[in-house]
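# here is my input; please provide its structure:
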Amino acid sequence: MKFHQLISLGTQSLRLRRRRIYSDLRGEYWFPHIPIALMLVLAGYLVLEGGFGAHWYLGLRALVNGEFHLQLRKLPPLFIGGGMVTMGLALFWRSRLAWMVALLLAITATVNVLLSRHVHDELLAAYFVLIIFVLMLGWRHFDRSSIAASTLFALTAVCMLLLYATFGAYYLGLEFNPHITDLITALYYAVVTMSTVGYGDITPQTPEARLFTISVIVLGVAVFATSLTAVVGPLVSRSLQRIVSRKGKNMKRENHFVVVGNTPLATNTARELGKRGLAVTRILRDASEAGEPKDLDMVVGDPSMLETLREAGANRAAAVLAMLADDSENAFVVLAVKELAPNIRTVAAVNDAHHLSRVKLVQPDVVIAPQVLGGELTAMLLAGEQVTPDFVMQRVFQNAETESSAKI
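The predicted structure is shown next:
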């Protein structure tokens, strides 16, 4: 075996071992979204502490009570730090929307720290860069449309805009007619402008005040539209998913076949099993992959997660067929099935001939490699060699029994 093949085999074994440890620690329930969320909450605390001091929460409470006059230079730490803390909480739901906002806030915080030159600006900037790197590394784990996280984002966006409009109007108060001299009047003007009502009792008189009013109107329309989409979108998506998979929830999944993936091999296998009157449950990553059949029994989720396999009834199935496009993911599915129910028969598809030996390391009952067979059959036919049914079965189904019989 060549050196690069040994390296590739060792890497694959390491990935499988890491996956086993991840499953033993029940990582699907807490990693990596909870550590990343805690990192973001800590980052928000550091930003607020840098802007308002060690007792920043007392300043915020005084601000709410109208006893503290917020300086203009402290608005960025308030927005960035408060947003980080809020989005850190939203990351607990693995929300993709919260992930995007958190990434934007981390980038903004990095730029703000470098420009403001805090005492420990280099350490803070390095920590924020680390958060950006960790968020980018774990983006695949934030793939959910959470109603709770979306609602939290909507409330945060509205509150941030309200703070911006209120304190902006307060600081530019002398440039309005009549003058805005207190926070209550500034709040009134902010709400009227954000809602595009525009009573006209307070009007901007200078170019700066007019530009500020334009920004509040534009941001108000954008925030309300985005917030509405963020809240309504998950509701519609969840309703569609329930409609698509309603039949599957009512079906008794037992002694059936679980087909994992949406490849042509998976689709055709499920179709042929159905034609023979056998019960089939498909596991897909997205409900949009379901296709045309209306009677499809489907489970949406990560097929390598135990909760997804359990929902599909893999622990009571006649066999589980891992037929994803990625050979390593097929190996992970086999590992998860063996952990959930060691006695269930497993079938793993291999799309690349170089991965055949590595997929066999997870010991599936059957390894099916139809694409690996294509080149060899073509060469045999062109060379005039005889192709027997036994040879085809041996090469397509690369299981231990056919290999041992071939050696005999």
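
# what packs against the helix or strand containing Thr185?
Assigned by DSSP states H and E, Thr185 belongs to helix 183-194. Identification of packing neighbours for helix 183-194 by 3 or more CB pairs under 8 Å, 6 or more residues apart in numbering; DSSP states H and E yields helix 147-171, helix 207-244. Where C-beta positions appear, they are placed from N, C-alpha and C, glycine not excepted.

# how about a cut-off of 10 Å?
helix 147-171, strand 176-177, strand 203-204, helix 207-244 (3 or more CB pairs under 10 Å, 6 or more residues apart in numbering; DSSP states H and E).

# for those, which one ends up most surrounded?
Across these, averaging neighbours per residue (mean count of other CB atoms under 10 Å) puts helix 147-171 on top, at a mean of 20.

# related to what we said a few turns ago, pipe the helices and strands packed on helix 183-194 into a markdown table and attach mean pLDDT and distance to Arg96 per row.
Putting the helices and strands packed on helix 183-194 into a markdown table (pLDDT from 0 to 100; distance: least, CB to CB, whole Å) gives the following:
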| stretch | mean pLDDT | distance to Arg96 |
| --- | --- | --- |
| helix 147-171 | 82 | 9 |
| strand 176-177 | 94 | 40 |
| strand 203-204 | 93 | 38 |
| helix 207-244 | 76 | 10 |
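
# distance to Val362 added to those, as a markdown table?
Converted to a markdown table, these look like this (distance: least, CB to CB, whole Å):
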| stretch | distance to Val362 |
| --- | --- |
| helix 147-171 | 35 |
| strand 176-177 | 70 |
| strand 203-204 | 68 |
| helix 207-244 | 30 |
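
# any idea of the mean pLDDT for the helix holding Thr185?
On average, the pLDDT along helix 183-194 is 91.

# repeat that for stretch 253-270.
Rounded mean pLDDT across stretch 253-270 is 91.

# mind checking pLDDT for Gly59?
61.

# tell me the phi and psi of the closest residue to Leu381 other than its chain neighbours?
Distance criterion CB to CB, 6 or more residues apart in numbering; nearest residue to Leu381, sequence neighbours excluded, is Val387 at 6.7 Å. Backbone torsions of Val387, given as degrees, to the nearest 10, read phi -110, psi 110.

# check Glu376 too.
phi -70, psi -40.

# then Ala318?
Torsion angles, degrees, to the nearest 10, at Ala318: phi -70, psi -30.

# count the neighbours of it for me.
If you count neighbours by other CB atoms under 10 Å, Ala318 ends up with 14.

# and it, what does it touch?
254-258, 273, 278-279, 344-345 (CB atoms under 10 Å, 6 or more residues apart in numbering).

# now with 8 Å, please.
255-257, 345 (CB atoms under 8 Å, 6 or more residues apart in numbering).

# in strands only, show me these.
257, 345 (DSSP state E).

# relative to Ile180, which of the contacts of Ala318 is nearest.
His256 (68.6 Å; CB to CB).

# ok, now how distant is the closest one from Thr378?
36 Å (CB to CB, to the nearest Å).

# between the two, who's got more neighbours?
Each of His256 and Thr378 has its neighbours counted (other CB under 10 Å); His256 has more, 21 against 10.

# against Asn268, how distant is that one?
18 Å.

# check Leu25 too.
37 Å.

# sketch out the low-pLDDT regions of the stretch 301-408 of the chain for me.
372-373, 391-408 (pLDDT under 70).

# do that again at 90, thanks
301-308, 311, 325-329, 331-332, 335-336, 338-342, 350-363, 365-408 (pLDDT under 90).

# roughly how far apart are the residue located most distally from the centre of the chain and Gly374?
Most distant residue from the mean C-alpha position of the chain: Gly384, 52.2 Å away (CA atoms, centre = their mean). Counting by CB to CB, the separation of Gly384 from Gly374 is 18 Å.

# now swap in Asp121 and tell me
Distance, Asp121 to Gly374, using CB to CB: 60 Å.
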